[in-house]
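[1] pasting the sequence and the predicted model now:
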Amino acid sequence: MLTYLAFFGAFNPPTKAHINLAELARAKTGRDKVIFVPSKMLYIRDEQGKNLVYPDEKRLRMLQSIAEERPWMEVYDGEIRQKKQPRTYETLCALREEGKDCCLLLGSDKLPELEHGWMYVRQIAEEFGIVCLKRNGDDIVRLIREDEYLSSLAPYITLIDSPDEMQFISSSAVRERILEIRKLREELGSMVPIEILPFLTGDDVSQ
């Protein structure tokens, strides 16, 4: 049976940090593959309040295109096919029923949310285990040690350090840049004929 890290998230859009850190965690834990599980668009928009939400199929295609040249990477569309967003534990159980031996992969930025923002955390920890990647410069050991709830989960959590250059890359930062680009294109469109915009914004400008 293949062993997996199950990586849940909006992937709105996927970043190099998502991909590179997932591969790092897989290598460090000796798992065979990482399976990416994108959340539903309605959940991202209505529950998480994210700006600029890419549709389910578009995020799925982005992940699938990334996975094409990465044998260690799989993409699971089980959550976005549901009528409502399932809980992480429910999806992990569904993956287990498909014969996948999974462990939950998450970033340390998610640790403070576990006690009050997640359901079935104890079951996830005890039945599947948790692999936690260092994010945003977090001192994960201290974070867990100083929190009574997280300390109780410590025996089930594997900690993975991550390169400094990957810790602060986020989908939120990417979306901010995309919105800035769109605004700049709108400003350009108000100043020049729309027909010449592709000429002005292309990569063939002489230096």
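    That came through fine. Note that the structure is a prediction, hence the values are computed from the model and not measured. Numbers count the residues shown, from 1 in each chain.
[2] for the protein, what's the longest helix?
    helix 171-189 (DSSP state H).
[3] quick one, what contacts the residue lying closest to residue 118 once chain neighbours are set aside?
    Computed as CB to CB, 6 or more residues apart in numbering, the closest residue to residue 118 that is not its neighbour in sequence is residue 88, at 6.8 Å. For every residue, glycine as well, the C-beta is placed using N, CA and C. By CB atoms under 8 Å, 6 or more residues apart in numbering, the contact list for residue 88 reads 8, 104, 118, 120, 124.
[4] can you give me the helices for the protein?
    Along the chain, counting by DSSP H, helices occupy 16-29, 41-42, 56-67, 88-97, 114-117, 121-127, 140-145, 148-153, 164-167, 171-189, 197-201.
[5] just name the shakiest helix or strand of the chain by mean pLDDT.
    Counting by mean pLDDT, DSSP states H and E, the chain has its least confident helix or strand at helix 197-201, which shows a mean of 78.
[6] output the below-cut-off pLDDT ranges for the protein.
    For the chain, the stretches flagged by pLDDT under 70 are 202-207.
[7] what about 50?
    Scanning the chain for pLDDT under 50 picks out 204-207.
[8] pull out the buried members of the contacts of residue 88.
    Those of the contacts of residue 88 that meet the buried threshold are 8, 104, 124, by 16 or more other CB atoms under 10 Å.
[9] dump those residues to a markdown table, plus distance to residue 27.
    Below are the buried ones among the contacts of residue 88 laid out as a markdown table (distance: CB to CB, whole Å):
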| residue | distance to residue 27 |
| --- | --- |
| 8 | 20 |
| 104 | 17 |
| 124 | 23 |
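[10] list the buried residues of the longest helix of the chain.
    Quick answer for helix 171-189 (16+ other CB under 10 Å): 171, 174, 175.
[11] please apply the same query to stretch 12-22.
    By neighbour count on 16+ other CB under 10 Å, the buried set for stretch 12-22 is 12, 13, 14, 15, 17, 18, 19, 21, 22.
[12] over to stretch 30-46?
    Quick answer for stretch 30-46 (16+ other CB under 10 Å): 31, 33, 34, 35, 36, 37, 38, 39, 40, 41, 43, 44.
[13] so how far is residue 85 from residue 45?
    Note on residue 45: its distance to residue 85, by CB to CB, to the nearest Å, is 11 Å.
[14] chain center to the least confident helix or strand of the chain: distance?
    33 Å (CA atoms, centre = their mean, to the nearest Å).
[15] stretch 184-191 too?
    Using CA atoms, centre = their mean, the offset of stretch 184-191 from its chain centre is 32 Å.
[16] give me the contact list for it.
    197, 200, 201.
[17] take the residues you listed and lay them out in JSON lines including distance to residue 135 and neighbour count.
    Below are those laid out as JSON lines (distance: CB to CB, whole Å; neighbours: other CB atoms under 10 Å):
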{"residue": "197", "distance to residue 135": "37", "neighbour count": "13"}
{"residue": "200", "distance to residue 135": "38", "neighbour count": "11"}
{"residue": "201", "distance to residue 135": "33", "neighbour count": "12"}
